[in-house]
Each structure stands twice: as structure tokens, then as C-alpha cells.
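Asks: dropping a prediction and its sequence here:
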Amino acid sequence: MTTRPTAGGPRARGERRPGAPRSGTPSRGRTPARPQQRAAARPAQAARAGSSRPPAGRRPSGGGARRGPSGPGRRGARLLGRVALRVGLLLAAVTVVLHLTGALDGLEQRYRPSSPRTTPYADLFRAAAERYPAVSAAQLAAHARAESGFDPDAVSPAGAQGLMQIVPGTFGDFGRDADGDGEADPFDPADSVETAAAYLTWIGEQLDLPVSDERVIAAYNAGPGAVQEAGGVPDFEETRTYVERVTGWVPGYGWLDRPA
């Protein structure tokens with residue numbers, strides 16, 4: 001006698017019990033895989049399958065951007081940069097200070113009054129100015145300082161001689177025997193100063209200018225012909241510097257033209 005299955009009894013194979021989970025749905029007692037676990041499993045699966053896709057979360061090897069220098073290297077570079085900047089600023093400051101110091105020193109040297117104790121041959125400059133009143137004793141002293149630095153034995157590469165640096169040809173035309181020893185000597189300070197006074201007076205007459213004019217001063221250095229050709233102070237660096245020095249030093253020797 002065949003018995004039919006009763007409720008709650010065994011069922012035929014393949015027959016689904018009401019309320020049971022469908023195929024593919026995890027049954028009770030099995031924990032479904034979390035998303036992190038599935039993601040971690042993908043690289044291994046891809047490697048087994050021979051996939052060339054790089055694992056998620058990793059940089060591709062080769063061809064990628066290289067990493068920069070390490071932390072200590074960057075700090076060292078920044079430190080060296082700061083040191084170089086500070087040294088550069090320090091050098092710039094020193095250069096400015098030296099420049100200003102030199103400029104002020106030059107102004108002091110140019111306009112500082114001289115005195116009998118620091119001016120040699122003061123009596124010779126005064127005596128020559130008395131004989132040749134067109135030229136001042138102060139200008140003669142300034143010429144002597146610019147020409148030879150008050151050295152009566154000076155000889156220039158061009159052959160100019162003595163305290164006032166007069167070339168032999170000019171001295172032959174204008175040479176004076178100021179000390180009365182019977183000989184006009186370019187290396188004798190008195191003869192040299194008086195000859196320069198006579199020569200400056202003549203230049204002023206030729207150019208029809210006061211002896212104190214900068215063109216006369218330039219002619220003493222470059223020659224009257226150069227001044228006439230240029231129509232003024234020739235554009236020679238040496239001559240322009242010479243004129244600037246003489247005209248700048250004359251006021252400092254003004255005391256030579258005042259009564260002693």
C-alpha cells in the first residue's frame with residue numbers, strides 16, 4: 001500500500017520546500033563575502049588568468065613619474081639656497097658701503113681746504129702769480145698737484161719734466177730762470193712754476209679767455225691746437241679728468257691768494 005507524503009514529511013528530490021531560499025542565495029550558516037574580500041581576491045584571479053591589468057591600488061611599474069628627492073635632500077637644498085641668498089645680500093651691502101665710502105672720500109679730497117703745512121712750494125706759487133697776475137697762485141698749486149703730485153723730479157712717459165710737467169719743446173720756448181742761477185732748469189721747482197705761469201698766460205691770450213677758464217686748463221694738458229680744433233674741451237678722457245681735478249682743487253688752495 002502506497003502512502004502519500006504528509007505535511008512536514010520528506011519530499012521528492014528537486015522539490016523546493018516553501019520558504020526555502022532560491023538557488024544562488026546563501027543558506028543559513030554561510031556568511032556572504034564582504035566587498036573588501038572580493039576586491040582583494042580580484043588581483044589573484046587576474047594573475048591566474050594572465051591578465052595584464054595592474055592590481056587595483058598600485059602604481060604601474062616603469063614609465064611612471066619618478067619620485068622626487070628624499071626629504072633630507074630637499075631640506076639641504078633649501079638650506080643652501082637660503083645661505084646663498086644671505087651671502088649675496090651681504091656682498092651687495094658691502095659693495096654699496098664701499099662705493100659710498102669711496103665717493104665721499106673723493107669729495108673730501110676734492111673740496112677739503114689745504115694748508116701751508118700740507119702744500120709744498122707755496123712761496124713759489126705766490127711769487128709766480130705776482131709776476132704773472134693773470135694766473136692765480138691757487139691755480140698753479142692745483143696744476144702742480146694734478147701734473148706731478150708736487151714731485152719736482154717727475155718724468156712722464158711722454159717726456160714731460162719737473163714739478164709742472166712741461167715738455168722740452170715748450171720749456172725751450174717759455175723756460176724761465178726764476179731763481180737767477182743763470183740756467184732755466186725744468187727740474188728746478190722755481191723755474192718750473194714760473195715757466196708754467198708764463199705758459200698759461202700765453203694760452204689765455206691765444207684763446208682770448210681768462211686763464212681760469214676750463215678751456216685754458218684743458219689746453220695746458222692737451223695743447224692749444226686740440227682745444228681750438230674741438231671748439232672746447234677735447235673729448236679725451238685724460239683731459240676731461242685733468243680739467244675736473246684742477247677746477248675742483250683750486251678752491252682748496254684759495255688761501256694762497258690771500259695776504260699771508
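Replies: Yes, it's here.
Asks: okay, now the unreliable bits of the chain?
Replies: Along the chain, segments meeting pLDDT under 70 span 1-72, 94-116.
Asks: outline the domain layout of it.
Replies: Using automatic domain parsing, the domains assigned to the chain come out as 77-112, 122-257.
Asks: so which of these is the most packed in?
Replies: Across those, the average number of neighbours (mean count of other C-beta atoms under 10 Å) peaks for domain 122-257, which reaches a mean of 19. For the C-beta atoms, the positions are set from N, CA and C on the backbone; glycine is no exception.
Asks: quote the end-to-end distance of it.
Replies: Start-to-end span of domain 122-257 (C-alpha to C-alpha, to the nearest Å) is 10 Å.
Asks: what's the answer for stretch 203-216, then?
Replies: End-to-end distance of stretch 203-216 (C-alpha to C-alpha): 6 Å.
Asks: same thing with stretch 177-197?
Replies: 13 Å.
Asks: now swap in stretch 152-171 and tell me
Replies: Terminal-residue distance, stretch 152-171 (C-alpha to C-alpha): 15 Å.
Asks: contacts for that stretch, please.
Replies: Stretch 152-171 is contacted from outside by 121, 140, 143-144, 147-148, 150-151, 174, 184, 186-189, 191-193, 195-196, 199, using C-beta atoms under 8 Å, 6 or more residues apart in numbering.
Asks: from what I see, residue 193 and residue 130 are in contact.
Replies: No - contact criterion C-beta atoms under 8 Å: residue 193 and residue 130 do not qualify, at 11.7 Å.
Asks: who are the neighbours in contact with residue 189?
Replies: So residue 189 contacts 121, 124, 152, 162-163 (C-beta under 8 Å, 6+ apart).
Asks: I am finished for the moment; much appreciated.
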